[in-house]
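In: Build me a structure from this.
(chains A, B and C)
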Amino acid sequence: MNFNWLHRYASPMNFYSWSLVATRWLGTVSAILFAVGLTGGLVYAPPDYQQGESFRIIYVHVPSAWMSLFIYMVMVSAGTLGLVWHVKLGDMIARASAPLGAWFTFLALATGSLWGKPMWGTYWVWDARLTSELILLFLYLGYIALQGAIEDRRIAARAGAILALVGTVNIPIIHYSVEWWNTLHQGPTITKFDSPSIDTSMLIPLLLMGLAYIFYFCTIVLIRTRCEILEFERNKTWVKQRALEMESV
Amino acid sequence: MLTSVKTALTAVIMRDLRRSVRRSQDFVQPLLFFVIVIALFGLAVGPDKEVFQEIAPAGVWIAILLATTINLDRMFLSDYQDGTIELMILSPTPLSALVGAKISAHWLANACPQILMAVILGAILGLKIDVLSALGLSLLLGSPVLSLVGAVASALTVGLRGGALLLSLIILPLYMPTLIFGMAAVTNAALGLSIEAELFFLGGLAFLSATLAPLGAAAALRIRLAAT
Amino acid sequence: MGKATCTGNGIRIVETEFFAMDGYAFYVWGSYGLSAVILIANAMLPRIREKSLLKRIARGYSED
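Out: Numbers count the residues shown, from 1 in each chain, chains lettered A, B, ... in the order given. Here you go, the predicted model:
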């Protein structure tokens, strides 16, 4: 199979150019989605029968949680591309996405905690999902720390890819072990996350916010990847040329 | 002269074991650390015997986790520093097999004495026999997982500045399933329930890590050594 | 009870209801505020970093 087209677009130099354009478009779409989603969620969605207004936290909590998992998969895939097929851009995208993944995991935990207090009466409970999400945060932080500790960026990227893969094998194990452990020691709380029936007027803003977060992530990761390219390739001529162009502007 | 795989692996294990016994750092100190953590735990919980006996297995498990984590960075360090790892990479014996041998030696020298000590201390501190046997069995099945997964992290961070702390940050989230199943076994034993399921899970984790971890650690060593 | 209804004095009442969030103001606005701060910061900082990197490279720092 001819992968020339991939190598053309994935070469750091070409990527840098087209991502500048892409960032603007993705950013605009994200901003629009945020505006529509927030209006729908905060203004038009009716208050919940049982939880009142506190349910509105769902519109920042659930998308953050979705992103925390989605970004981990992006990180692993990009890292594997770099590790196995030596696609440099993969290394860079993996390193660039990790801090965003960590922030979204933190947000999921924090907003979930703030939602838990009015809903369950407590800020924290050793429930399967919360504990798994906390462990995910530690996995992200370990990954970031490992990459920071190794000076050669290319080696750091490969080492990080291995760590991320080990984490991937672990995530289902972690989730099911915690869930299994939790059912043995039945907690006093029942999570309502699994209720599939949600009113359309509440669901649509949620989906819109989810999309908004995804477009936001794509925008920001492109910017961060450009920074990584500048760091990885700082000795290349094209980088120096670009920098001089920007300076003269 | 071609060495058979078996000879090579035996040589690696014996070399590591001999080295552990000779240097107190690799052998006595982890054991001492383990006992100190248990002592601190007992001190912190206080004189109430009932409460202590309920929480003691958790303390033992955490002490094992900490003692393993603290000594993990030594697994590949001296071989990394004197160039033995490079020789291992170049040798005809598969690197993952050699790594597996090193992990076995590490487990024998570090975890086994600690498990023995845990059971002895448990008996001294008056843990009931079914709790004690559950503790022993879960540790026996769980500690290889700790050594194996720890080896991957150790290979990733070998020789880095601040490596030991970084290693513990990386490894502890990965240790949590083992801890959960180990403690589930002990808690069930305390309640008089069967611990078969938990032991099967721990055994499954042990087999999974025994198959994959040496490969991961070997890959990590190759990556780290591409630098030098 | 829709938020968009307004009767005479209604608009003022609807506004304060909106901010009070039925007494859950701390939790709801806390969550939204925290998310906003983190998302905005993560949007601005990489751009600043990119510009400063380009500047440093232009000045000829090819080593870190």
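
In: residues from chain B in reach of chain C?
Out: Neighbours of chain C within chain B, by CB under 8 Å from any CB of the partner chain: none found. For every residue, glycine as well, the C-beta is placed using N, CA and C.

In: ok, how many other residues are close to residue 59?
Out: I'll assume chain A. Using other CB atoms under 10 Å in any protein chain shown, residue A:59 has 27 neighbouring residues.

In: let's do chain C instead
Out: 10.

In: From residue A:240, how far off is it?
Out: 10 Å (CB to CB, to the nearest Å).

In: what pLDDT does residue A:227 get?
Out: For residue A:227, the pLDDT comes out at 94.

In: Residue C:59 too?
Out: Note for residue C:59: predicted pLDDT of 84.

In: same check, this time on residue C:4
Out: So residue C:4 comes in at 50 (pLDDT).

In: got it, and residue A:188?
Out: Residue A:188 carries a pLDDT score of 37 in this model.

In: What are the phi and psi values at residue A:48?
Out: The phi and psi values for residue A:48, taken as degrees, to the nearest 10, are phi -70, psi 150.

In: Spit out the contact partners of it.
Out: A:54-55, A:202 (CB atoms under 8 Å, 6 or more residues apart in numbering or on different chains).

In: What sits closest to residue B:216 if chain neighbours are left out?
Out: Leaving out its chain neighbours, the residue that sits closest to residue B:216 by CB to CB, 6 or more residues apart in numbering or on different chains is residue B:152, at 4.3 Å.

In: Three-state assignment for the one you found, please.
Out: Under the three-state scheme (DSSP: H, G, I helix; E, B strand; the rest coil), residue B:152 adopts helix.

In: how many neighbours does residue B:19 have?
Out: So residue B:19, with other CB under 10 Å, has 15 neighbours.

In: That one contacts residue B:26, correct?
Out: Yes - using CB atoms under 8 Å, residue B:19 is in contact with residue B:26, at 6.7 Å.

In: wait, what's in contact with residue B:107?
Out: B:143-144, B:147.

In: Name the member of those residues with the most neighbours.
Out: In these, the most neighbours by other CB under 10 Å go to residue B:147, 26 neighbours.

In: Could you measure from that residue over to residue B:178?
Out: For residue B:147, the distance to residue B:178 - CB to CB - is 11 Å.

In: what's the answer for residue B:194, then?
Out: 20 Å.

In: So for the two, which sits in the more crowded spot?
Out: residue B:178 (28 against 10).

In: Can you name the helix or strand that that one falls in?
Out: helix B:163-190 (DSSP states H and E).

In: Show the subsequent helix or strand relative to that helix.
Out: helix B:196-225.

In: Who are the packing partners of that following helix?
Out: helix A:153-184, helix B:74-81, helix B:84-90, helix B:95-106, helix B:129-157, helix B:163-190 (3 or more CB pairs under 8 Å, 6 or more residues apart in numbering or on different chains; DSSP states H and E).

In: Quick one: residues contacting the closest residue to residue A:204 other than its chain neighbours.
Out: In space, and not counting its chain neighbours, residue A:204 is closest to residue A:40: 6.2 Å by CB to CB, 6+ apart. For residue A:40, the contact set (CB under 8 Å, 6+ apart) comprises A:201, A:204-205, A:208.

In: Present these as JSON lines; the columns should include neighbour count.
Out: Shown next, in JSON lines, are those (neighbours: other CB atoms under 10 Å in any protein chain shown):
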{"residue": "A:201", "neighbour count": "12"}
{"residue": "A:204", "neighbour count": "16"}
{"residue": "A:205", "neighbour count": "23"}
{"residue": "A:208", "neighbour count": "22"}
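
In: List just the nearest of the residues you listed to residue A:146.
Out: residue A:208 (36.0 Å; CB to CB).

In: my guess is the closest one contacts residue A:32, does it?
Out: No - the pair residue A:208 / residue A:32 is not scored as a contact, 9.7 Å apart, by CB under 8 Å.

In: Name all residues that make contact with residue B:38.
Out: Here residue B:38 is in contact with B:59-60, B:63, B:118, B:121 (criterion: CB under 8 Å, 6+ apart).

In: just residue B:21 next, same as before
Out: B:27, B:109.

In: Low-confidence ranges, chain B, go.
Out: The model of chain B has pLDDT under 70 over residues B:1-3, B:227-228.

In: Now the spatially most central residue of it: closest residue in space that isn't a chain neighbour?
Out: Central residue of chain B (CA atoms, centre = their mean): residue B:147, 3.4 Å from the mean position. Excluding the flanking residues, the one nearest residue B:147 by CB to CB, 6+ apart is residue B:107, at 4.2 Å.

In: give the contact list for residue B:113.
Out: Applying CB under 8 Å, 6+ apart, the residues near residue B:113 are B:27, B:31.

In: what's the helix or strand for it?
Out: Judged by DSSP H and E, residue B:113 forms part of helix B:112-124.

In: and that helix, C-alpha only, in CSV?
Out: Extracted as CSV, the C-alpha positions of helix B:112-124 are listed here (Å, rounded to 0.1, in the frame of the first residue of the first chain):
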residue,chain,number,x,y,z
CYS,B,112,10.2,-14.1,49.3
PRO,B,113,11.9,-13.1,52.5
GLN,B,114,9.3,-10.4,52.9
ILE,B,115,6.4,-12.8,52.5
LEU,B,116,7.9,-15.2,55.0
MET,B,117,8.4,-12.3,57.4
ALA,B,118,4.8,-11.2,56.8
VAL,B,119,3.5,-14.6,57.8
ILE,B,120,5.7,-14.9,60.8
LEU,B,121,4.8,-11.4,62.0
GLY,B,122,1.2,-12.1,61.3
ALA,B,123,1.3,-15.2,63.5
ILE,B,124,3.1,-13.3,66.3
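
In: and that helix with helix B:129-157, angle?
Out: Counting by axes from the mean of the first three to the mean of the last three CA atoms, to 10 degrees, helix B:112-124 lies at 150 degrees to helix B:129-157.
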